[in-house]
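Novice: A structural model of the following input is requested.
(3 chains)
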Amino acid sequence: MATDLLANLNPQQQRAVTTVTGPVLVLAGPGSGKTRVLTHRIAYLITEAGIDPLHILAVTFTNKAAREMRERLVGLLGEAVATDLTVGTFHAICARWLRRDIIHLGRERDFVIYDSDDQERLMKRVLRELNLNEKQNPPRAILGAISQAKNELVGPEEFARHTRSYFDEVVARCYARYQALLRESNALDFDDLLGETVRLFREHPAVLAHYQQRYRFLMVDEYQDTNRAQYLLVRALAERERNLFVVGDEAQSIYAWRGADIRNILQFERDYPDATVIMLEQNYRSTQAILDAAQALINASPQRKYAKRLWTTNGKGEQVILYEAANDEDEASFVVGEILRLIAEGAARPGDCAIMYRTNAQSRLVEEALVQAHLPYHVVGGVRFYERKEVKDVLAYLRLAANPYDSVSLQRVINWPGRGIGERTVSELIVWARQLGVPLYQALSELAGDAADHPFAARARSALLEFYTLIADLNRLREMMALGDLIDYLLARVEVQAALKREYDADEADDRWRNVQELRNAALAYANLPVENQLAAFLEDVALIADVDSLDRHTDVVTCITLHQAKGLEFPYVFVLGIEEGLLPHSRSQTDRDSLEEERRLLYVGMTRAQRRLYLCHAGQRALFGRVTASARSRFLADIPPALFKPLRRRGYRALPAPQPVMFNDRSFNQPPARRESGRSAPLPTPLKAVFFPGQRVRHATFGEGIVVSSRLIEGDEEVTVRFPDRERRLLASFARLEPITDGSDR
DNA sequence: CGGGCTGACATTTTT
DNA sequence: TGTCAGCCCG
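Specialist: As a prediction, the model looks like this:
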């Protein structure tokens, strides 16, 4: 058996698999077989080291990773053994533990989990209650700050004690109220799942001891993506047995903006001085040519601790192709043309090709080109199934059936479908409930039990009571009915299909109704559970899985995907688009070194997805928010020696309607005569060349030094947006007397 | 109370 | 260029 498990593993992988005890840090380069190591190690622990699978916990970040791992383990160990293992995402595992033990924190175990949409709705209510303006205090920004605080385990009170700005003051007040409403709604947000588990462990050593006793062998995937709360969670659990096995790659850390703390992986050796450190450098995915280019890019980063040297026996392969497109349209048509050619040559099938980009907006042109070429494709991302409005509306009723105190769900459907409860009535209800000091549902209940002084007109009151009865009925029925029947009852009683037909035109109503039916179908999977558990189990999965098996890689279609989402995937042919200043690195990430380096890693992740051939593309100009803008090639491309590229000339390009000659990589080239708008004569094209490019450092006599954010040619002049120390300014080059600072940093 | 219009706005998003 | 929120009117 041991030979089976270790066969086909290289020496480093074998060492990782067979190191059973103590802290282990595995630094796994892209394509180095880390999932294989994780699964084989688990199998090894069980079959060779005799560890009871009940003692093993494996944590991942995504459901997809967890599912894959479990599938592979079933293959290695069989269904029976695999079911005894605990494999799941941080959030799912924490939710499970909290359902068991949250009572120790004085909370109910039947809490609902709020997703970001729910959070936003709740925050909007908070803002209204506190008389704060949504425009000046964007709910998402406030939630971002709260999320950060929660990741650091800073509660509302502590946060309020350390405010350093007006914004902090606002956040502090919102945080307190937000948290109070969460509690009142018997709800936890995603961050709470982690934070409350850590708090549970801290405040209740006996509970922690129970889990330490149970889980003696811990494995964490994508360790570079852990945030502070996850780090503390893992550390607490591992404290007793110290059998902690983490896998990660600092070079693939791309979620710092979401709270991931790269220090967790960099300091592992300090946390565990006796740690075994193993580097996986053999790559099984790509050609050496691709690896060389990717490594050149990443090695140019000043922030490397564990520099790996990736190698492969796959052979040198073809050089990385660098394509300079005239503009974004040309870029898209080039990519599509290449894919068509690869298919015609028999080298590839559509499913072998992936098109990657920094921002979702970039997919549009690509899609148009794919449609024209009749190439089948899918775009990863977009609105996920359980986030669709009609699905969430129906879900809101189900959540209320399980937990009527869920105020976000209650507000969501109190007037859907319309039953004459307008905004006015809702805010009266909110104010009244607050006066009474009770949750919204409780207030409705008071109203039903002839409360003396309520603020509602007779009509509003009867509408509210009708809604109250509906929720109360659902609440009563949930324990007696199978989930499918409950949903059928709900759909019939609130006349969902009719409501959709009223709100949308025929086609869209059909679409949305189909989604609702799809939700109904998903409920079938729970039919074999005891009736009283079906609804809760269903809602839990919906909250944490959040998507119906999205990426079906069985279909043979081109994949369009953001670089972030591409992590963990691989394709024979990869096209990375828009490798330009302002886009990659994104203009919003050019402010500080850390986010700039994260952009570099993002490109690195994209490049290392390629198995056989990699295309890197950039365009000289690009339509940005409807305006044509000059776009300079990314500084990152300069970090890859030209010898590693095979530059590809464009084979003819289409003229843009832009009337001026434009800068293209410092060389201006002539364009066909400007097209005229009918009726109005265009200004004579001034022989102007753009002088400034994004990322460039400039000096202004009054404003001082700054960095060019963007530059565009407008009516014979160049409009330059520059970020100065105090703020951004838009300047006209002809007036502003901007001076480029030449210290060799950029060109 | 709900439908249509106008103006600001604009990364990435594992759960 | 496209979306979303806020505003005005029937």
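Novice: give me the element A:Gly620 is part of.
Specialist: Applying DSSP states H and E as the criterion places A:Gly620 in strand A:610-624.
Novice: average pLDDT for that strand?
Specialist: What strand A:610-624 shows for mean pLDDT is 94.
Novice: please apply the same query to stretch A:307-321.
Specialist: The model assigns stretch A:307-321 a mean pLDDT of 94.
Novice: count the neighbours of A:Glu479 for me.
Specialist: Close neighbours of A:Glu479, defined as other Cβ atoms under 10 Å, add up to 12. From N, CA and C alone the C-beta is placed, and that goes for glycine too.
Novice: same question for the one 4 residues further on.
Specialist: Residues within reach of A:Leu483, counting by other Cβ under 10 Å, total 26.
Novice: tell me the spacing between the nearest residue in space to it that is not next to it in sequence and DNA strand C.
Specialist: Excluding its sequence neighbours, the residue lying closest to A:Leu483 (Cβ to Cβ, 6 or more residues apart in numbering) is A:Gln534, at 3.9 Å. Look at A:Gln534 and DNA strand C: by Cβ to the nearest atom of the strand, to the nearest Å, they are 33 Å apart.
Novice: direction included, what does the strand holding A:Gly620 pair against?
Specialist: strand A:320-327 (parallel), strand A:571-576 (parallel), strand A:627-630 (antiparallel) (DSSP bridges).
Novice: is DNA strand C within reach of the helix or strand just after the longest one?
Specialist: Same thing as strand A:320-327. Next in sequence after strand A:320-327, counting helices and strands by DSSP H and E, comes helix A:328-344. No. Interface with DNA strand C: helix A:328-344 contributes nothing (Cβ under 7 Å from any atom of the strand), its closest point being 11.5 Å away.
Novice: can you get me a residue count around whatever residue of chain A ends up closest to DNA strand C?
Specialist: The minimum distance from chain A to DNA strand C, using Cβ to the nearest atom of the strand, falls at A:Gly626 (2.9 Å). A:Gly626 sits with 5 neighbouring residues when counted by other Cβ under 10 Å.
Novice: tell me the buried residues in stretch A:47-62?
Specialist: A:Thr47, A:Ile51, A:Pro53, A:His55, A:Ile56, A:Leu57, A:Ala58, A:Val59, A:Thr60, A:Phe61 (16 or more other Cβ atoms under 10 Å).
Novice: meant to ask about stretch A:68-86, not that
Specialist: Counting neighbours by 16+ other Cβ under 10 Å, stretch A:68-86 gives A:Glu68, A:Met69, A:Arg70, A:Arg72, A:Leu73, A:Val74, A:Leu76, A:Leu77, A:Val81, A:Ala82, A:Leu85, A:Thr86 as buried.
Novice: quick check: mean pLDDT of that stretch?
Specialist: Mean per-residue pLDDT for stretch A:68-86: 94.
Novice: can you dump the C-alpha atoms of that stretch in PDB for me?
Specialist: C-alpha atoms of stretch A:68-86 as PDB (Å, rounded to 0.1, in the frame of the first residue of the first chain):
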ATOM      1  CA  GLU A  68     -12.200  17.800  -5.300                       C
ATOM      2  CA  MET A  69     -10.200  16.700  -2.300                       C
ATOM      3  CA  ARG A  70     -13.000  14.600  -1.100                       C
ATOM      4  CA  GLU A  71     -13.600  13.000  -4.400                       C
ATOM      5  CA  ARG A  72      -9.900  12.100  -4.700                       C
ATOM      6  CA  LEU A  73     -10.000  10.700  -1.200                       C
ATOM      7  CA  VAL A  74     -12.900   8.500  -2.000                       C
ATOM      8  CA  GLY A  75     -10.900   7.200  -4.900                       C
ATOM      9  CA  LEU A  76      -7.900   6.500  -2.600                       C
ATOM     10  CA  LEU A  77      -9.700   5.200   0.500                       C
ATOM     11  CA  GLY A  78     -13.200   4.300  -0.500                       C
ATOM     12  CA  GLU A  79     -16.400   5.900   0.500                       C
ATOM     13  CA  ALA A  80     -16.600   4.400   4.000                       C
ATOM     14  CA  VAL A  81     -13.300   5.800   5.200                       C
ATOM     15  CA  ALA A  82     -13.700   9.100   3.500                       C
ATOM     16  CA  THR A  83     -17.000   9.900   5.300                       C
ATOM     17  CA  ASP A  84     -15.200   9.800   8.600                       C
ATOM     18  CA  LEU A  85     -12.800  12.600   7.400                       C
ATOM     19  CA  THR A  86     -13.600  16.200   8.000                       C
END
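Novice: near DNA strand B, anything from stretch A:325-341?
Specialist: No. Judged by Cβ under 7 Å from any atom of the strand, stretch A:325-341 stays clear of DNA strand B, getting no closer than 15.0 Å.
Novice: that stretch - what's its average pLDDT?
Specialist: The average pLDDT within stretch A:325-341 is 93.
Novice: contacts for that stretch?
Specialist: By Cβ atoms under 8 Å, 6 or more residues apart in numbering, the surrounding residues in contact with stretch A:325-341 are A:323, A:348, A:350, A:353, A:355, A:362, A:365-366, A:368-370, A:372-373, A:375, A:558, A:573, A:575, A:577-578, A:615, A:617-623, A:628, A:650, A:653-654, A:656, A:664.
Novice: now do the contacts for A:Val494.
Specialist: Residues near A:Val494 by Cβ under 8 Å, 6+ apart: A:Tyr397, A:Pro417, A:Leu470.
Novice: buried subset of the residues you listed?
Specialist: Buried among these by 16+ other Cβ under 10 Å: A:Tyr397, A:Leu470.
Novice: about what we covered before: mind picking the two most distant members of the buried residues of stretch A:68-86?
Specialist: Largest separation among those by Cβ to Cβ: A:Glu68 and A:Val81, giving 17.3 Å.
Novice: now, which of the buried residues of stretch A:68-86 sits nearest A:Leu569?
Specialist: A:Glu68 (11.4 Å).
Novice: what about the closest residue to the closest one other than its chain neighbours, helix or strand, and which?
Specialist: Among residues not flanking A:Glu68 along the chain, A:Thr35 sits closest, at 6.7 Å (Cβ to Cβ, 6+ apart). Here A:Thr35 is covered by helix A:34-47, with elements defined by DSSP H and E.
Novice: can you give me the buried ones in that helix?
Specialist: Result for helix A:34-47 [16+ other Cβ under 10 Å]: buried residues A:34-47.
Novice: what sits up against that helix?
Specialist: Around helix A:34-47, the neighbours that count as contacts under Cβ under 8 Å, 6+ apart are A:1-2, A:5-6, A:9, A:13, A:16-18, A:20, A:26, A:28, A:51-53, A:56, A:58, A:65, A:68-69, A:72-73, A:76-77, A:81, A:85, A:217, A:219, A:221, A:245, A:247, A:280.
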